[in-house]
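Participant: Provided below are the primary sequence and the corresponding predicted coordinates.
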Amino acid sequence: MPVSTFRVARRRFASIGLAVIASTLLLTTSTASAQDVMTKESAAVVKAAFLADLEVMRGKFIGLAQAFPADKYTWRPMDGVRSVSEVLMLIASEGYGFAPTGLGGKAGLTREEMAPLSKVTDKAQVIDHLTKGFAHAKKEIESIDPATLTGKRRVMGQDRALPDIVIAIGGDMHEHLGQLIAYARTNHIVPPWSK
């Protein structure tokens with residue numbers, strides 16, 4: 001791509017990013033500052049965007065889980081780093097717990113039930129838990145009344161507004177998606193959506 005075309009594309013991307021940020025701030029502003037209070041309508045928009053993002057991640061995580069051969073589920077790039085199955089089961093756990101509870105929904109499993117999940121390495125069981133975890137998160141988040149999402153909630157030790165919560169949860173899950181993509185590429189596995 002010629003340098004001038006690259007600069008134009010970069011400027012367009014930056015403009016789009018700024019427009020999204022400005023739109024979000026306009027949507028979330030009421031009589032108080034955007035960081036303090038959201039309207040029910042704004043909360044509904046953020047909730048819907050988060051659900052859409054979870055659906056995209058669901059497809060990518062399950063696609064990668066299916067693409068990895070069963071004998072690679074215990075592979076890890078080095079000692080002290082999560083294996084393929086441990087990353088996938090972490091995401092399943094976040095679907096059962098962190099994603100819905102961060103917004104006020106109920107966990108699908110107790111802490112005691114989630115504790116052994118990190119040890120699951122069977123491909124079929126991992127995919128089953130991923131499917132169930134994402135389904136649970138979707139069901140719980142869909143059932144949350146946006147009116148309950150307008151104030152701040154205590155998440156990860158801090159009082160956070162809804163946009164901050166979905167960025168924290170989604171950002172964490174996307175980080176692990178990137179980790180798993182790196183694992184796939186290292187093992188010469190092409191992510192299904194890249195084919």
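Facilitator: Looks like it arrived, so ask away.

Participant: Off-centre distance for the longest helix anywhere in the chain?
Facilitator: With secondary structure taken from DSSP state H, the chain has its longest helix at helix 40-67. Relative to its chain's centre, helix 40-67 lies at 7 Å (C-alpha atoms, centre = their mean, to the nearest Å).

Participant: can you check stretch 153-171 too?
Facilitator: That offset, for stretch 153-171, works out to 12 Å (C-alpha atoms, centre = their mean).

Participant: swap in stretch 171-182?
Facilitator: The chain centroid and the centroid of stretch 171-182 are separated by 9 Å, computed with C-alpha atoms, centre = their mean.

Participant: CA atoms only: put that stretch into CSV for me.
Facilitator: Taking Å, rounded to 0.1, in the frame of the first residue of the first chain, the C-alpha atoms of stretch 171-182 are listed here in CSV:
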residue,chain,number,x,y,z
GLY,A,171,-10.7,-6.4,27.1
ASP,A,172,-9.7,-9.3,29.3
MET,A,173,-11.5,-11.8,27.0
HIS,A,174,-10.0,-10.3,23.9
GLU,A,175,-6.5,-10.4,25.4
HIS,A,176,-7.0,-14.2,25.8
LEU,A,177,-8.3,-14.5,22.3
GLY,A,178,-5.1,-12.9,21.1
GLN,A,179,-3.1,-15.3,23.3
LEU,A,180,-4.9,-18.2,21.7
ILE,A,181,-4.4,-16.9,18.2
ALA,A,182,-0.7,-16.7,18.9
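
Participant: ok, residues contacting it?
Facilitator: With contacts defined as C-beta atoms under 8 Å, 6 or more residues apart in numbering, stretch 171-182 is touched by 54, 57, 60-61, 64, 82, 84, 87-88, 90-91, 94, 98-99, 191. C-beta here means a position set from N, CA and C on the backbone, and glycine is covered the same way.

Participant: What is the least confident helix or strand in the chain?
Facilitator: Sorting the helices and strands of the chain by mean pLDDT, DSSP states H and E puts helix 3-28 at the bottom, at a mean of 46.

Participant: Can you pull the domain assignment for the chain?
Facilitator: 1-30, 33-194 (automatic domain parsing).

Participant: Which neighbouring elements make contact with the longest helix of the chain?
Facilitator: In terms of contacts (3 or more C-beta pairs under 8 Å, 6 or more residues apart in numbering; DSSP states H and E), helix 40-67 is packed against helix 3-28, helix 84-96, helix 123-143, helix 162-186.
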